[in-house]
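In: Could you work out the structure for the sequence below:
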Amino acid sequence: MILVTPTDPSPLESAEHFALHVGGAESTVALYLAERGHRSAWLSQVGDDPLGRRMVAAVAKYGVDTSWVRVDAEAPTGVYFKDPGLGSTRVYYYRAGSAASRMTGANLDDVDWSATRIVHVSGITAGLSATCRDLLSAVYAAARRHEVLISFDVNHRPGVWPADEAAPVLLDLARRADIVFVGRDEAERLWQVGDPTAVAALLDAPVRLVVKDGEVGASEVAPGAAPVFVPSRRVEVVEVVGAGDAFAAGYLSELLRESEPAARLSAGHDLAARSLSSTHDFLPSL
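Out: From the prediction side, this is the model:
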């Protein structure tokens, strides 16, 4: 999507100046991974419009492979607005009927899985449409055929779909993944459990689970290993949306480097802290 946000953390109703940026969970992860020296590709669908072209160019500018992004001439590029407020940010989505919401399993037809180690997907995609859920089913099936690890960020967005509808779908996707990211608050909202070991028991699968607990810290729970906890960085928070995706990128970066759990969690906190200092989803390093 294209992200529209006030240039300073002012509410939409009173802000006078706005900026356009790249937004979206999976694209943010791809951007941070490319910045950290990994080969990353982003698969999506945009409209045949200026915003779609702007989006693809912006992602490619930072070294992400966009060759599998398709253009849908019959639907617009999705847009969302951030509405900063004191202590929290509301998000308004305008993506019903967007090009991305019309993706299907056919979007994978030309994908080369041969050099892929991890595929990262988000629960936001599952909430966009039935065809997007078909796409995720196709992603899981292809990843299993090609022995690619599946990374799944629960990423429940109430503005996309309600918790009672999302909960069983997201639980199924989490149980079938290899790596799962979930916020303690969203696990409690969706499944009425928040403690990392309780969430792991609910998944009841050999999943590497990461539970993020805001300013407290993050825990990794993996089969056959003791849980590992690393506290969050102390930062001045400008805006919180996008920090979870930055965290996932930092964690996955160190997982690809075969680092220890504490290093993976620490790298996640480092990128999340950078994201928290800005109204952007992706904030490039200086």
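In: In the stretch 151-286 of the chain, what residue spans correspond to helices?
Out: 163-175, 184-191, 196-203, 243-256, 261-276 (DSSP state H, counting those that start in this stretch).
In: which of the ones you listed is buried the deepest?
Out: helix 243-256 (a mean of 25; mean count of other CB atoms under 10 Å). Placement of C-beta: from N, CA and C, glycine included.
In: from memory residue 207 sits against residue 182, does it?
Out: No: proximity of residue 207 to residue 182 does not meet the contact threshold set by CB atoms under 8 Å, at 10.5 Å.
In: and for the two, which residues touch both?
Out: residue 174 (CB atoms under 8 Å, 6 or more residues apart in numbering).
In: More neighbours: which of these two?
Out: Taking other CB atoms under 10 Å, residue 207 and residue 182 do not tie; residue 182 has more neighbours (27 against 21).
In: ok, the more buried one - contacts?
Out: Applying CB under 8 Å, 6+ apart, we find residue 182 in contact with 153, 154, 174, 199, 209, 210, 211, 212.
In: roughly how far apart are the fifth one and residue 260?
Out: In this view, residue 209 and residue 260 are 16 Å apart by CB to CB, to the nearest Å.
In: State the distance from residue 126 to residue 103.
Out: 11 Å.
In: For the helix or strand of the chain with the lowest mean pLDDT, report the contacting residues that lie outside it.
Out: Every helix and strand of the chain was ranked by mean pLDDT, DSSP states H and E. The lowest is strand 88-94, at a mean of 84. Residues outside strand 88-94 that contact it (CB under 8 Å, 6+ apart): 1, 12, 78-83, 157, 159-160, 239-241.
In: Among residue 209 and residue 260, which residue is more densely surrounded?
Out: Higher neighbour count among residue 209 and residue 260: residue 209, with 24 against 11, using other CB under 10 Å.
In: what's across from that one in the sheet?
Out: For residue 209, the beta-bridge partners are residue 180, residue 221 (DSSP bridges).
In: Show the contacting residues for it.
Out: Residue 209 is in contact with 180, 182, 196, 199, 200, 203, 220, 221, 222, counting by CB under 8 Å, 6+ apart.
In: and with 10 Å instead?
Out: 174, 177, 179-182, 187, 196-197, 199-200, 202-203, 219-223, 227 (CB atoms under 10 Å, 6 or more residues apart in numbering).
In: What of residue 115?
Out: The contact partners of residue 115, by CB under 10 Å, 6+ apart, come to 39, 41, 148.
In: What separation do you get for it and residue 208?
Out: According to CB to CB, residue 115 and residue 208 sit 22 Å apart.
In: what does residue 15 give?
Out: Here the distance between residue 15 and residue 208 works out to 40 Å (CB to CB).
In: Counting neighbours, go ahead and name the busier of these two.
Out: Using other CB under 10 Å as the criterion, residue 15 and residue 208 rank with residue 208 on top: 21 against 15.
In: I figured the more buried one hits residue 219, correct?
Out: No: using CB atoms under 10 Å, residue 208 is not in contact with residue 219, being 11.5 Å away.
In: Which neighbours do those two have in common?
Out: Residues touching both residue 208 and residue 219 (CB under 10 Å, 6+ apart) are 200, 261.
In: still on that earlier bit, tell me which of the helices of the stretch 151-286 of the chain sits nearest to residue 119.
Out: Proximity to residue 119 (CB to CB) singles out helix 243-256 among these, at 10.7 Å.
In: That closest one vs helix 261-276, what angle?
Out: Interaxial angle, helix 243-256 versus helix 261-276 (axes from the mean of the first three to the mean of the last three CA atoms, to 10 degrees): 150 degrees.
In: Please write out the alpha-carbon positions of helix 243-256 in CSV.
Out: Output of helix 243-256 as CSV, limited to C-alpha atoms (Å, rounded to 0.1, in the frame of the first residue of the first chain):
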residue,chain,number,x,y,z
ALA,A,243,7.6,-1.5,14.7
GLY,A,244,6.5,-5.2,14.7
ASP,A,245,7.5,-5.6,11.1
ALA,A,246,10.9,-4.1,11.8
PHE,A,247,11.3,-6.4,14.7
ALA,A,248,10.5,-9.4,12.5
ALA,A,249,13.1,-8.3,9.9
GLY,A,250,15.8,-8.0,12.6
TYR,A,251,15.0,-11.4,14.0
LEU,A,252,14.9,-13.1,10.6
SER,A,253,18.1,-11.5,9.6
GLU,A,254,19.9,-13.1,12.5
LEU,A,255,18.1,-16.4,12.0
LEU,A,256,19.5,-16.5,8.5
